[in-house]
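>>> A predicted structure for the sequence below; I have some questions about it.
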Amino acid sequence: MVYLFLASISALILSAAALRGSRWALWVGWAVGIYLCSSGPRTDLPFVGALTSQVIVVLMIGLTLLMDSRSGPYPALTVTVCDISVLLTYVSYNITYFNSGSYSPVYLFSLSLLYPVPYLLGRVYLRSEKDLIYALKPLCVAVSTLVALMLVQAITSIDLLDVIVRASTLSTERRHGFYRASGVMRHPDGAGLLLLTSFPLAVAASHLARFKVGPQWWRWMPWLVALGIVLTNARGAWFGLIVAFTIYQFFIRTSLRLPIATLSGIALTVISLAPQLMMSILYVIGGDTEDKYGEGGRILEINGIDERYTGTDHRWLLYKVYATPLRNAGYFGYGVTDGFGFGRLLEDHLQTHFWSIDNYYIFLQLQFGVVALILFVLMIISAVFPLIRYAWVQQDHITGPVSGASIGSALGCAVILWSVTLLNDMRVPWMFSMGFSVSLGQLLHHTYSRNNIAYRSASHTRY
């Protein structure tokens, strides 16, 4: 059944490329393959190993673009700091595996499908602003369908997309009376990250609809994305959404920037000065009740000190538990290829509770070292920094809000990664979103600086 599903996706991509060129193959293939193709099942390829369905879709789209001369040209495609940081990240990961003694030439291929290739797809997703209206047609349908299926999963626990490929179909964990919906991803936080990466395009659809360029139902796309994130019942995804929405509102509500900045500063101050209040809120949201953990929670001895342990405390205790391994990770990390390997770095009584590292920043430093962590931060900064000027000025009624949404999306996803590890299926949309943000910044720079014009009048924008 998995192979039949992948064959259908392949036929869709190839038919789109044959009928309307590889640009449509990219837009249709990405929308269907990423938002409606379950990442649960895996396919074993010779010499490569197990790959998720989404990774295979990325490979097929990349090959289609490579073989079709109609995919270009890209007038705004020039080398950026983010491009270099992604390339150095790819190199450093290969160095890590080589130093650990577990290196295989296959890593050159498998790592490229998770990092450079989806990033490049994001870089070439738009050739001009006019591409937005065409790219959004399949994407809005796919995202809306995904959210509808997540609503069914939240109510019934049945993931219909997994039923199609005969994967696991039940969500067993409930919060606040609903099951935690994961959609096409293997983890609810992953579903939240996937939807949050689509937030800038959802904002673009909404604004295009307001100017009667797109269907009127597109106006609701940002709210559909928000609904999908709420349905995950994942605290990290919820806080990521709050961060993204706050930043987006900060840029588009020019008259409210000072109040939004003031309230955000107050909230951060309260969190810093009263962490126990924040923890109490997280306990309630996460359902960390006495029935689940006992009165006062479980007690674990960490570094000679008794510490309270719950699912919420797990994230913060990771820093204490892995303090020594983090110091010893060095420049290129341990290169461990499975999650259980990190547990073996701990004392025996802690391995059961902390083999799962629900914090990507800790996981990244342990696996690939401090170099990878620095490059990851550099990648985010270099992707969103060029967009700030366009988000701040809001000269264009479409790309201005999209720039603000892109900044909010990237930083919101960075918040989500404090509560979950970036699994393989999550790396694909994340790297794509980084590439999209970079290309959006270059596209706007190319448009506004052409013929020495600083900024173009919004009335001359055509889509």
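The structure has been received and is ready for your questions.

>>> Point out where the stretch 101-250 of the chain drops to low pLDDT.
Flagging of the stretch 101-250 of the chain using pLDDT under 70 yields the residue ranges 163-172.

>>> where along it do the helices fall?
Per DSSP state H, counting those that start in this stretch, the stretch 101-250 of the chain carries helices over the ranges 106-114, 116-123, 131-156, 160-164, 188-197, 199-210, 221-231, 235-252.

>>> nearest to residue 31, of these?
Closest approach to residue 31 among the helices of the stretch 101-250 of the chain is made by helix 131-156 (3.9 Å; C-beta to C-beta). In short, each C-beta sits where N, CA and C put it, glycine included.

>>> just checking, what packs against that closest one?
Counting contacts by 3 or more C-beta pairs under 8 Å, 6 or more residues apart in numbering; DSSP states H and E, helix 131-156 packs against helix 22-35, helix 160-164, strand 178-179, helix 188-197, helix 199-210, helix 221-231.

>>> mind checking how far the first one is from the chain centre?
Remark: helix 22-35 is offset 17 Å from the chain centroid, using C-alpha atoms, centre = their mean, to the nearest Å.

>>> now the fourth one
What separates the centre of helix 188-197 from the centre of its chain is 6 Å, taken as C-alpha atoms, centre = their mean.

>>> before we move on, what about the fifth one?
Relative to the mean C-alpha coordinate of its chain, helix 199-210 is positioned 18 Å out (C-alpha atoms, centre = their mean).

>>> Who are the packing partners of it?
Helices and strands in packing contact with helix 199-210 are listed as helix 131-156, helix 221-231, helix 235-252, helix 399-416, helix 424-449; criterion 3+ C-beta pairs under 8 Å, 6+ apart.

>>> Please identify which of these is closest to residue 24.
Evaluated with C-beta to C-beta, those place helix 131-156 nearest to residue 24, the distance being 7.5 Å.

>>> so where's the stretch 301-450 of the chain shaky on pLDDT?
For the stretch 301-450 of the chain, applying pLDDT under 70 flags the ranges 301, 303-312, 337-341, 343-344, 347-355, 449-450.

>>> let's go with 80 and repeat that
Using pLDDT under 80 as the threshold, the predicted model of the stretch 301-450 of the chain has low-confidence ranges 301-319, 336-357, 394-396, 421-425, 446-450.

>>> In this structure residue 87 contacts residue 120, no?
No - here residue 87 does not reach residue 120: they are 10.8 Å apart, not a contact under C-beta atoms under 8 Å.

>>> Which one's more surrounded, those two?
For the pair residue 87 and residue 120, the greater number of neighbours falls to residue 120 (21 against 15), based on other C-beta atoms under 10 Å.

>>> closest one to residue 82 among the helices of the stretch 101-250 of the chain?
With C-beta to C-beta, the closest approach to residue 82 among these belongs to helix 116-123: 8.5 Å.

>>> where do the helices sit along the stretch 251-400 of the chain?
Counting by DSSP H, counting those that start in this stretch, the stretch 251-400 of the chain forms helices over residues 257-273, 275-286, 290-293, 311-321, 323-328, 340-343, 348-354, 360-384, 388-393, 399-416, given from the N-terminal end onward.

>>> could you dump the helices and strands packed on helix 131-156 to CSV with distance to residue 417 and mean neighbour count?
Compiled in CSV, the helices and strands packed on helix 131-156 are given as follows (distance: least, C-beta to C-beta, whole Å; neighbours: other C-beta atoms under 10 Å):
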stretch, distance to residue 417, mean neighbour count
helix 22-35, 19, 24
helix 160-164, 24, 18
strand 178-179, 24, 20
helix 188-197, 8, 30
helix 199-210, 16, 25
helix 221-231, 15, 23
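
>>> So which of these is nearest residue 127?
Nearest to residue 127, of all the helices and strands packed on helix 131-156, is helix 22-35, at 7.6 Å by C-beta to C-beta.

>>> I'd like the helices of the stretch 251-400 of the chain laid out as a markdown table, including mean neighbour count.
Conversion of the helices of the stretch 251-400 of the chain to a markdown table gives the following (neighbours: other C-beta atoms under 10 Å):
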| stretch | mean neighbour count |
| --- | --- |
| helix 257-273 | 11 |
| helix 275-286 | 14 |
| helix 290-293 | 11 |
| helix 311-321 | 18 |
| helix 323-328 | 13 |
| helix 340-343 | 16 |
| helix 348-354 | 14 |
| helix 360-384 | 21 |
| helix 388-393 | 18 |
| helix 399-416 | 26 |
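
>>> Let me have the ones you listed in a markdown table, adding distance to residue 198 as columns.
Converted to a markdown table, the helices of the stretch 251-400 of the chain look like this (distance: least, C-beta to C-beta, whole Å):
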| stretch | distance to residue 198 |
| --- | --- |
| helix 257-273 | 23 |
| helix 275-286 | 24 |
| helix 290-293 | 33 |
| helix 311-321 | 25 |
| helix 323-328 | 33 |
| helix 340-343 | 31 |
| helix 348-354 | 32 |
| helix 360-384 | 16 |
| helix 388-393 | 18 |
| helix 399-416 | 8 |
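
>>> Out of these, flag the one nearest residue 237.
helix 399-416 (5.7 Å).

>>> Quick one: list the elements packing against that closest one.
Of the remaining helices and strands, those touching helix 399-416 by 3+ C-beta pairs under 8 Å, 6+ apart are helix 188-197, helix 199-210, helix 235-252, helix 360-384, helix 388-393, helix 424-449.

>>> who touches residue 192 in this structure?
Neighbouring residues of residue 192 by C-beta atoms under 8 Å, 6 or more residues apart in numbering: 229, 232, 234, 236-238, 240-241, 416.

>>> do that again at 10 Å, thanks
Listed by C-beta atoms under 10 Å, 6 or more residues apart in numbering, the contact set of residue 192 reads 181-183, 185, 225, 228-241, 412-413, 416, 419-420, 426.

>>> quick one on the thing from earlier: want to try JSON lines for the helices and strands packed on helix 131-156, with distance to residue 80 as columns?
Output for the helices and strands packed on helix 131-156, formatted as JSON lines (distance: least, C-beta to C-beta, whole Å):
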{"stretch": "helix 22-35", "distance to residue 80": "20"}
{"stretch": "helix 160-164", "distance to residue 80": "35"}
{"stretch": "strand 178-179", "distance to residue 80": "42"}
{"stretch": "helix 188-197", "distance to residue 80": "19"}
{"stretch": "helix 199-210", "distance to residue 80": "18"}
{"stretch": "helix 221-231", "distance to residue 80": "27"}
